[in-house]
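Student: I need the structure of the sequence given here:
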Amino acid sequence: MKLIDYSEKIIIPFLKNKLKTTKAKGYILGLSGGIDSALVSLLCLKAVGRENFLCVLIPIESHPDDLKDALELCEKFNLRYVIKDLTNVFTTFKKENSELAEFPLTNVKVRLRMVELYALAQQYNYLVLGTDNLDERYTGYFTKYGDGACDLLPISKLTKREVFQLSEHYGCTKKILQRKPSAGLSLNQTDEADLQVSYDELDAYVLNNKENLSDFAKQRIEHLHKISQHKRDPIPEAEDFIRE
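Tutor: Presented below is the predicted three-dimensional model:
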């Protein structure tokens, strides 16, 4: 199946049908200014329309370009949106948890955003859309109970290259298409620097085109997959209680 056909015949109907089979009135999405959330917003707009879809822009000590690029996308496609700046909330949290290192604090930002999304989702009876792609799911490049917490994952079968291709097809803004993929959690942070492999290498690996990959790239991807398995597994439970 061609990529465009997959989006039109699989993803968009998936989004339409999920609303029909639940009592939810619409969808809510954290729009970051990055390519993945941009694509999900455009697919959702096509699937259920503007009135059944809300974008939430949630800056937390964020680079101004994140908000600027997200707003440009909203304006171009007339997306419904609200801005919820949680910087003060995060600052308060840091003061109360001064012992925490930078890495757990970074994940707090992601989890605070999901707290905001689920609060609004409950208020409006919406479902929360996830934005993880195939590369991110495979390597565990998402925060557990942060961006990994959602009600459905529309683009989790798409590689990063396919995300870019579909985003361009649906008219995504040039600024977002030209941005280096980043979680936007610290200054000059990029996904590929964090992962230590490129998205091209990740795409090749997950599509089983490993012939031209370096040993380091293969070992790194396999390592990331292994150590992140707990993020993809259901929560472990004790064995059943057999009552007498």
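Student: Please count neighbours and contacts with C-alpha atoms only from this point.
Tutor: Will do.
Student: tell me the contacts of Gly34?
Tutor: Gly34 sits next to Asp66, Ala70, Ile176, Arg179, Pro181, Ser182, Ala183 when contact means Cα atoms under 8 Å, 6 or more residues apart in numbering.
Student: Need the worst-confidence member of those.
Tutor: Lowest pLDDT of the contacts of Gly34: Ala183, 77.
Student: That residue and Asp194, how far apart?
Tutor: Separation of Ala183 from Asp194 (Cα to Cα, to the nearest Å): 10 Å.
Student: Among the two, which residue is more densely surrounded?
Tutor: The neighbour count for Ala183 versus Asp194, taken as other Cα atoms under 10 Å, is higher for Ala183 (17 against 12).
Student: center of this protein, which residue is that?
Tutor: With the centre of the chain defined as its mean C-alpha position, the nearest residue by Cα atoms, centre = their mean is Thr131, 2.9 Å away.
Student: Give me the local confidence score for that one.
Tutor: Reported pLDDT for Thr131: 97.
Student: And the one 4 residues further on, by the same measure?
Tutor: With respect to pLDDT, Asp135 scores 97.
Student: Can you name the next helix or strand after the longest helix anywhere in the chain?
Tutor: The helix spanning the most residues in the chain, taking DSSP state H as the definition, is helix 102-124. Next along the chain after helix 102-124, taking DSSP states H and E as the criterion, comes strand 126-128.
Student: which strands and helices sit next to that following strand?
Tutor: strand 26-30, helix 102-124 (3 or more Cα pairs under 8 Å, 6 or more residues apart in numbering; DSSP states H and E).
Student: again, 10 Å this time
Tutor: Identification of packing neighbours for strand 126-128 by 3 or more Cα pairs under 10 Å, 6 or more residues apart in numbering; DSSP states H and E yields helix 12-20, strand 26-30, strand 53-57, helix 102-124.
Student: Would you mind giving me the ChimeraX syntax to select the buried ones in the contacts of Gly34?
Tutor: To isolate the buried members of these in ChimeraX, using 16 or more other Cα atoms under 10 Å:
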select :66,70,176,181,182,183
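Student: Filter the contacts of Gly34 down to the ones in helices?
Tutor: Using DSSP H, the contacts of Gly34 in helices are Asp66, Ala70, Ile176.
Student: Now do the same contact list for the second one.
Tutor: For Ala70, the contacting residues are 31-35, 37-38, 55-57, 81, 173, 175-176, taking Cα atoms under 10 Å, 6 or more residues apart in numbering as the criterion.
Student: got these as TSV, with distance to Met114 columns?
Tutor: What follows is the contacts of Ala70, written out as TSV (distance: Cα to Cα, whole Å):
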residue	distance to Met114
Leu31	12
Ser32	12
Gly33	16
Gly34	16
Ile35	18
Ser37	14
Ala38	17
Cys55	13
Val56	10
Leu57	11
Tyr81	16
Thr173	25
Lys175	25
Ile176	22
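Student: ok, these vs Lys231, which is closest?
Tutor: Ser37 (20.1 Å; Cα to Cα).
Student: State the distance from Lys94 to Tyr145.
Tutor: 19 Å.
Student: just Phe77 next, same as before
Tutor: 30 Å.
Student: and Thr22, what helix or strand is that in?
Tutor: Applying DSSP H and E, one finds Thr22 in no helix or strand.
Student: what's the neighbour count on it?
Tutor: Thr22 has 11 nearby residues by other Cα under 10 Å.
Student: ranges for the helices of this structure?
Tutor: Going by DSSP H, the chain shows helices at 3-6, 12-20, 35-48, 64-77, 87-96, 102-124, 134-139, 160-169, 174-178, 191-195, 199-206, 215-227, 229-232.
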